[in-house]
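S.K.: Output the structure for:
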Amino acid sequence: MGTRVIRTVVVAIAATAALAGCGGAAHPALTPDRTSTTPSPSPTASMPVITAPATTALGAGERIWAAFSASTLAYDAWWAQLKPMLSEAARAVYVYDDPSNLPSMTLAGTIRVAAKAPAEPRYTVEVLVPTSKGTFALDLERATLTSPWLLYAIKFPPGVQ
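M.R.: Prediction:
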């Protein structure tokens, strides 16, 4: 089993435990507007242009992808901008990633929110990121209707690690 698959499973289990009340601290607050103090990378062909407010699932997904895909940043700068947008469980997994190991890719379409079954429509969402390497899926969660959207897992396209 690939390391990305194992990570996704570990994050999913940890996220489930956190949602069930077994997790530790509450989710940290994110700045709900475009005046965030977190440095954002300059848009390139591999990163999105931010189009939606940060309080929406789409806006959070765009910002998360911009931070995660900033493969030219040094680890400390990359982690500083990504960490506030991650759930506690995702922080435990993605802290070990190295942005220089991300594959070279470009956006191949518009980032969008996936159609979702109504099981937990207010608290989880999947944001799809079409790239030249395939479509990445960003799984986001929030604790309440007014909580910020946070990343809890990234599903990589088949064959991409």
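S.K.: Please report the separation between the first and final residues of stretch 65-85.
M.R.: Taking Cα to Cα, to the nearest Å as the measure, stretch 65-85 stretches 10 Å from start to finish.
S.K.: For that stretch, give the mean pLDDT please.
M.R.: Averaging pLDDT along stretch 65-85 gives 95.
S.K.: Offset the numbering so it begins at 36, please.
M.R.: All right, first residue 36 from here; so that's stretch 100-120.
S.K.: That stretch: which residues count as buried?
M.R.: 100-106, 108, 113-114, 116-117, 119-120 (16 or more other Cβ atoms under 10 Å). Placement of C-beta: from N, CA and C, glycine included.
S.K.: Next: stretch 139-151.
M.R.: Quick answer for stretch 139-151 (16+ other Cβ under 10 Å): 140, 142, 146, 148.
S.K.: Regarding it, how distant is the last residue from the first?
M.R.: Per Cα to Cα, the first residue of stretch 139-151 is 29 Å away from its last.
S.K.: Over to stretch 173-190?
M.R.: 6 Å.
S.K.: buried set for it?
M.R.: In stretch 173-190, counting by 16+ other Cβ under 10 Å, buried: 173-177, 183-190.
S.K.: Distance check, the residue nearest to Leu185 when sequence neighbours are not counted against Leu186.
M.R.: Excluding its sequence neighbours, the residue lying closest to Leu185 (Cβ to Cβ, 6 or more residues apart in numbering) is Ser122, at 4.4 Å. Applying Cβ to Cβ, to the nearest Å, the value for Ser122 to Leu186 is 7 Å.
S.K.: same thing with Ala115?
M.R.: Distance, Ala115 to Leu186, using Cβ to Cβ: 15 Å.
S.K.: didn't Thr166 look like it was pressed against Ala143?
M.R.: Yes: between Thr166 and Ala143 there is a contact under Cβ atoms under 8 Å: 5.4 Å.
S.K.: C-terminal to the helix or strand of the chain with the lowest mean pLDDT, what's the next element?
M.R.: Lowest on mean pLDDT, DSSP states H and E among the helices and strands of the chain sits helix 38-52, with a mean of 39. The element immediately downstream of helix 38-52 (helix or strand, assigned by DSSP states H and E) is helix 92-103.
S.K.: Give me the helices and strands touching that next one, please.
M.R.: Using 3 or more Cβ pairs under 8 Å, 6 or more residues apart in numbering; DSSP states H and E, the elements in contact with helix 92-103 are helix 110-117, strand 147-148, strand 159-166, strand 169-176, strand 185-190.
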